[in-house]
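In: model the following, please.
(one chain, ligands or ions: 1)
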Amino acid sequence: MSKKLLTGTALAAALTASVALADAGHNSSIGKPGTTAQTDRTITVEMDEMKYSPETIKVQPGETIRFEVVNVGTVVHEFNIGKSKTWDGHSGEMMTMMQEGMMTATTLNHDKMMKGGMMHDDANSILLEPGDTGEVVWTFPEGGEIGFACNVPGHREAGMQGDFEMFRGS
Ligand SMILES: [Cu+2]
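Out: A predicted model of the protein is given here:
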């Protein structure tokens, strides 16, 4: 009995540890979702082939920013806050979405995305069809190398990436 209990406890501890690790890798180093009520500033970001405007955005440590993201281009684009490590895995998912018909170069099939379990409603990103506008509200960490990129296959490789410049000022 006590042996079984111990095993259960050890398993729970192992599970908790792995969840905490996964969370740290995915979130804490790049920041966390913010709420509109916390918003310090709103910044409009335009997405086009294959670039963002602005390409560099200055943010203060801990600041919460509401990004109003507009796809002014002619194909699907994404605004995804992260770093190379998080983007590499995400690119693979996006490739699968294209292969499965969940998205094409110019359209998103939300029905198929939902059925395939790929809603892409992660708080750190938004995927938009040409002409569409969306928002991402994000609270930045106290520091770190963070940027934004488009993981539609081929886009980041073509230079569709921008940087957050952390600064401490008033
Ligand atoms: Cu793109």
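In: my guess is residue 86 is in a strand, correct?
Out: No - Residue 86: not assigned to a strand; according to DSSP: H, G, I helix; E, B strand; the rest coil it is helix.
In: what about it, how many neighbours?
Out: Residues lying near residue 86 (other CB atoms under 10 Å) number 21. Where you see a C-beta, it was placed from the backbone N, CA and C, and this is true even at glycine.
In: alongside the ion, which residues does this structure contribute?
Out: Taking CB under 5 Å from the ion as the measure of proximity, the chain contacts the ion at 77, 150, 152, 155, 160.
In: let's see which of those end up in helices.
Out: Judged by DSSP state H, helices contain none of these.
In: ok, and the most crowded of these?
Out: Most crowded among those, counting by other CB under 10 Å, is residue 150 at 32 neighbours.
In: packing partners of the host helix or strand of residue 70?
Out: Taking DSSP states H and E as the definition, residue 70 sits inside strand 64-71. Secondary-structure packing of strand 64-71 (3 or more CB pairs under 8 Å, 6 or more residues apart in numbering; DSSP states H and E): strand 41-48, strand 77-82, strand 125-128, strand 133-139.
In: quick check: mean pLDDT of the longest one?
Out: For strand 41-48, the mean pLDDT works out to 98.
In: return the alpha-carbon coordinates of that strand using CSV.
Out: Extracted C-alpha coordinates of strand 41-48, given in CSV (Å, rounded to 0.1, in the frame of the first residue of the first chain):
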residue,chain,number,x,y,z
ARG,A,41,0.2,51.2,-25.0
THR,A,42,-1.3,50.2,-28.3
ILE,A,43,1.0,49.7,-31.3
THR,A,44,-0.1,49.1,-34.8
VAL,A,45,1.9,46.6,-36.8
GLU,A,46,1.4,46.1,-40.6
MET,A,47,2.3,42.8,-42.2
ASP,A,48,3.2,42.7,-45.9
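In: what comes into contact with it?
Out: Residues from elsewhere that reach strand 41-48, judged by CB atoms under 8 Å, 6 or more residues apart in numbering: 52-54, 57, 63, 65-73, 77-79, 128, 148, 150, 160.
In: and those residues, which of them are buried?
Out: 52, 57, 63, 65-67, 69-71, 73, 77-79, 128, 148, 150, 160 (16 or more other CB atoms under 10 Å).
In: output the below-cut-off pLDDT ranges for this structure.
Out: 1-28, 119-121, 169-170 (pLDDT under 70).
In: cutoff 90 now
Out: 1-29, 85-86, 88-93, 110, 113-122, 143-145, 166-170 (pLDDT under 90).
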